[in-house]
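Undergrad: What follows is a predicted protein model with its sequence.
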Amino acid sequence: MKKLTPLAIAKQSAKMMWGKKAEDVVILNISKLTTVSDYFVIGTVETNVQMDAIIHAIKSDFRKQGLLQLARQELKGSSPNWQLLDYGNVVVHVMTKSAREFYSLERLWHKARKLSFRK
């Protein structure tokens, strides 16, 4: 089985988010800014059902390829508004619009280079 590079994981995650109708999907290359990770993939969802569908699709697809997440976190109040999947060099953030505006990861990581991906 071919090992996925961090960039391939980031692009594949972004494509899956886009395929499940996430909005404003971006890949941030943060490798020169931190040792925490190489890429953040961020997407906005309308509903918790959509969030769960995206998380399930990404986990399932990568599991079939032999890639397991290091961690999964739900950052929430009464309902999830931000979930992330940690694949080591890639962290996937699935956020509601209000969470994305509040935490503003793109502003926080404004020096990161945005990467394009084929939808």
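TA: Received the coordinates, thanks. What you see is a predicted model; the values in this text were computed from it and never measured.
Undergrad: where in this structure is pLDDT low?
TA: 1-2, 72-79 (pLDDT under 70).
Undergrad: Would you state the strands of it in chain order?
TA: 23-29, 39-45, 71-76, 80-86, 90-96, 113-115 (DSSP state E).
Undergrad: can you list contacts of the second one?
TA: Taking CB atoms under 8 Å, 6 or more residues apart in numbering as the criterion, the residues outside strand 39-45 that touch it are 6-7, 9-10, 13-14, 17-18, 22-31, 51, 54, 89-97, 100, 105-106, 109, 112, 115. Just so you know, the C-beta spots here come from the backbone N, C-alpha and C atoms, and that holds for glycine as well.
Undergrad: how about a cut-off of 6 Å?
TA: Applying CB atoms under 6 Å, 6 or more residues apart in numbering, the external contacts of strand 39-45 come out as 6, 10, 13-14, 17, 22-30, 51, 90-95, 97, 100, 105.
Undergrad: Could you check how far the nearest residue to Lys111 once chain neighbours are set aside is from Phe40?
TA: In this structure, Lys111 finds its nearest non-sequential neighbour in Leu33, 5.8 Å apart by CB to CB, 6 or more residues apart in numbering. Here Leu33 is placed at a distance of 10 Å from Phe40 (CB to CB, to the nearest Å).
Undergrad: Of the two, which one has the most company?
TA: Between Leu33 and Phe40, counted using other CB atoms under 10 Å, Phe40 has the larger neighbour count: 23 against 14.
Undergrad: Just give the closest residue to the more buried one, not the sequence neighbours.
TA: Nearest residue to Phe40, sequence neighbours excluded (CB to CB, 6+ apart): Leu28, at 4.4 Å.
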